[in-house]
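In: Based on what follows, work out the 3D shape:
(one chain, ligands or ions: 1)
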Amino acid sequence: MCAARLVIDPAFRVAPVRRRTFGCFVEHLGRCVYTGIHEPDHDTALEGGWRGDVLELVRELGVTVIRYPGGNFVSGYRWEDGIGQVDERPSRLDLAWHSMEPNTVGVDEFVAWCRLADVEPEMAINLGTRGVQEALDILEYTNVPSGSHFAELRRTNGADDPYRIKLWCLGNEMDGPWQIGHKTAEEYGRIAAEAGRAMRMIDPDLELVACGSSSRAMPTFGEWERIVLEESWDQVDMISAHAYYYEDESGDLASFLASAEDMDRFIDSVAATADAVGAARKSDKVIGISFDEWNVWYQQRAESRPPSGDDWPVAPVLLEDTYNVADAVVVGNLLISLLRHSDRVFSANLAQLVNVIAPIMTAPGGAAWKQTTFHPFALTAAHAKGEVLRVALDSPMVSTAKFGEVPALDAVATHDDESGETVVFVVNRSTADELEVEVAVREGAGTLVEAVTYSHDDPYWQASADDQSVAPEANESAKLDDGVLTVTLPKVSWTMVRLGR
Ligand code: AHR
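Out: Numbers count the residues shown, from 1 in each chain. This is a model prediction of the structure:
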């Protein structure tokens, strides 16, 4: 057993916990929409064809904002295909995922579902095959009250009141050569700036996200952000970041468990680049980061391979990764990283919500169930409140091939002045040793409300529809004595401790 120490003080404030940190992503990809959130013939289907069992799990997950409709899909999407009479909507080839898009669900249905799920809609526009005009058209459709062509069309389609969608992504991963309508940084920066400028002429209060890099490993990373922000500085509020992590085939669990090191460096580099652009412009504006795709994704596996040739199926099985306990510990740690950067990460989206690299899975006509990754997300979303606190940390180190020596322990805390609750989120990234952690809580920790740990002797254990037996459990080792919390963390584990006044 190794020992580690944490110091928590309500004075170590970073920023308020942003509710948008707990966003997810729904793309027209595989079975995320069709047989994921939408399945009119399902036993639990509600009016509109939404799966009631999935909606219940989405509410339990605590999702706050949903990015839609893509992803790579959006770069070939014609939003008008998805409005009006459902049986008159065209089927289209979705080139991004080599699938057939029936357009049964479009923007009106998506907003209706968001209302049922009590989440904020976040729209992405197509800057791959389309441009400024189509961005203005969809914005007019969603946000203009009445009188104009597209506003009246929305009213004819049943929505009298405008949706007033605030958060918009100006395209998706335009730095990626795989993207339909891929652009250079200069080309993209120009169109993002012009789309943003024109969109604000309709609605000045929009919050606009420019595409950053689709990973820190992209050869253009850094330069891409600099050029895009130089072009679009006055028009955008945030720049995006995307990151997917996985344990490689060599079985390097130690490096995989330290994935949050990469996310930390990614966020710090994007913030530094944005600040450098701002400094050169003598601007006080702070560009936020929208970490609008993050997760564990085993991209090399067969389940991520799209169909090919003449096969253009509707809602094929794609990217249906099954997650294990170690994956959930990494997801919990990535949330720790996002929270500790709440001064800079204004919004984030776990990619994705249902079936496609998702915390929720469904069987068509059958059950809906939680993957392992559901648990740290749901508990963090439910209990991270008030202010984010940076923690002072003293931990034994673990060796990793990818990141060198990293602390075995990683942690962040939140403190809510109103309820008086301080919550510590912590991971033990050691593959070999338990950690006994001593937490000195300065001010106000009078009671131990709850300590829960997610771990298993076998870090490769996976949940399924029939086996949900490994769930977060009370950590009986936790003790609070005179403002000092002690708790033992199993190897490869995620833990949340709630302390009251
Ligand atoms: O989330 C899956 C895909 O990953 C998205 O469509 C794309 O934006 C990213 O490359």
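In: so where do the strands sit in the stretch 51-200 of the chain?
Out: 65-68, 92-94, 99-101, 120-124, 167-170 (DSSP state E, counting those that start in this stretch).
In: Output those strands as JSON lines; include the columns mean neighbour count and mean pLDDT.
Out: (Each C-beta comes from the backbone N, C-alpha and C, glycine too.) Formatted as JSON lines, these follow (neighbours: other Cβ atoms under 10 Å; pLDDT from 0 to 100):
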{"stretch": "strand 65-68", "mean neighbour count": "27", "mean pLDDT": "98"}
{"stretch": "strand 92-94", "mean neighbour count": "16", "mean pLDDT": "98"}
{"stretch": "strand 99-101", "mean neighbour count": "23", "mean pLDDT": "98"}
{"stretch": "strand 120-124", "mean neighbour count": "23", "mean pLDDT": "98"}
{"stretch": "strand 167-170", "mean neighbour count": "25", "mean pLDDT": "98"}
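In: right, and those - which one's nearest Glu39?
Out: Minimum separation from Glu39 across the strands of the stretch 51-200 of the chain (Cβ to Cβ) falls at strand 99-101, 16.5 Å.
In: quick check, the closest one touching the ligand?
Out: No. Using Cβ under 6 Å from any ligand atom, strand 99-101 never reaches the ligand; the gap is at least 12.0 Å.
In: Can you list the strands that that strand pairs with?
Out: Next to strand 99-101 in the sheet, as set by DSSP bridges, lie strand 92-94 (antiparallel).
In: where does Glu249 land on pLDDT?
Out: In this model, Glu249 is scored at 87, pLDDT.
In: How many neighbouring residues does Asn475 have?
Out: By other Cβ atoms under 10 Å, 20 other residues sit near Asn475.
In: scratch that, Val317 is what I was asking about
Out: The local packing of Val317 (other Cβ under 10 Å) involves 14 other residues.
In: Start at 17, not 1
Out: Yes, from this point I'll number from 17; that puts the last item at Val333.
In: roughly how far apart are it and the ligand?
Out: To the ligand, Val333 is 15 Å away according to Cβ to the nearest ligand atom, to the nearest Å.
In: On the three-state scheme, that residue is what?
Out: coil (DSSP: H, G, I helix; E, B strand; the rest coil).
In: just Asn311 next, same as before
Out: At Asn311 the chain is in strand, as set by three-state DSSP.
In: That one contacts Leu366, doesn't it?
Out: Yes. With contact defined as Cβ atoms under 8 Å, Asn311 reaches Leu366; the gap is 5.6 Å.
In: Those two: who's more crowded?
Out: Per other Cβ under 10 Å, whichever of Asn311 and Leu366 has more neighbours is Leu366, with 29 against 26.
In: need the contact list for that one.
Out: Contact analysis of Leu366 by Cβ atoms under 8 Å, 6 or more residues apart in numbering lists 39-41, 310-311, 347, 375, 393.
In: Can you give me the neighbour number for the closest residue to Met279 other than its chain neighbours?
Out: The shortest distance from Met279 to any residue other than its chain neighbours is 4.4 Å, reached at Ser353 (Cβ to Cβ, 6 or more residues apart in numbering). Burial of Ser353 is recorded as 24 neighbouring residues (other Cβ under 10 Å).
In: Secondary structure class of Ser353, three-state.
Out: Per three-state DSSP, Ser353 ends up helix.
In: hang on, isn't it packed against Ile283?
Out: Yes. Contact criterion Cβ under 8 Å: Ser353 and Ile283 qualify, at 7.2 Å.
In: Show me the chain divided up by domain.
Out: 18-25+404-516, 36-399 (automatic domain parsing).
In: Deepest-packed of the ones you listed, please.
Out: Mean neighbour count (mean count of other Cβ atoms under 10 Å) peaks for domain 36-399 among the domains of the chain, with a mean of 20.
In: can you give me how far that one is from the chain middle?
Out: In terms of Cα atoms, centre = their mean, to the nearest Å, the centre of domain 36-399 is set 8 Å apart from its chain centre.
In: Pull the contacting residues for the closest residue to the ligand within the stretch 17-166 of the chain.
Out: Residue nearest to the ligand within the stretch 17-166 of the chain: Gly87 (3.0 Å; Cβ to the nearest ligand atom). Gly87 makes contact with 41, 43-45, 112, 140, 188, 309, 367-368 under the criterion Cβ under 8 Å, 6+ apart.
In: I'd like the average pLDDT over stretch 217-225.
Out: Stretch 217-225 shows a mean pLDDT of 98.
In: Can it be said to contact the ligand?
Out: No. Judged by Cβ under 6 Å from any ligand atom, stretch 217-225 stays clear of the ligand, getting no closer than 12.9 Å.
In: how long is that stretch end to end?
Out: Taking Cα to Cα, to the nearest Å as the measure, stretch 217-225 stretches 16 Å from start to finish.
In: For it, give me every contacting residue.
Out: Residues contacting stretch 217-225 (Cβ under 8 Å, 6+ apart): 152, 155-156, 159-160, 182-186, 212, 215-216, 251-256, 306, 308, 363.
In: Please list the residues of the stretch 267-416 of the chain that sit near the ligand.
Out: 309, 367-368.
In: can you put those in TSV and add pLDDT?
Out: Output for those, formatted as TSV (pLDDT from 0 to 100):
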residue	pLDDT
Glu309	98
Ala367	98
Gln368	95
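In: Specify which member of these is nearest to the ligand.
Out: Ala367 (4.2 Å).
In: Phi and psi next, for that closest one.
Out: Ala367 has phi and psi values of phi -110, psi 120 when expressed as degrees, to the nearest 10.
In: still on that earlier bit, can you flag which of the contacts of Leu366 belong to strands?
Out: 39-41, 310-311 (DSSP state E).
In: of the residues you listed, closest to Leu62?
Out: Nearest member of the ones in strands among the contacts of Leu366 to Leu62, counting by Cβ to Cβ, is Cys40, at 19.5 Å.
In: how about the nearest residue to that closest one, chain neighbours excluded?
Out: Spatial nearest neighbour of Cys40, chain neighbours left out: Leu369 (4.2 Å); criterion: Cβ to Cβ, 6+ apart.
In: Quick one: the strands in the stretch 417-517 of the chain, in order.
Out: In the stretch 417-517 of the chain, the strands defined using DSSP E, counting those that start in this stretch lie at 420-423, 425-432, 437-444, 451-457, 463-470, 489-490, 495-497, 500-505, 509-516.
In: The ones you listed: which one's closest to the ligand?
Out: For the strands of the stretch 417-517 of the chain, proximity to the ligand was assessed by Cβ to the nearest ligand atom; strand 509-516 is nearest, at 22.8 Å.
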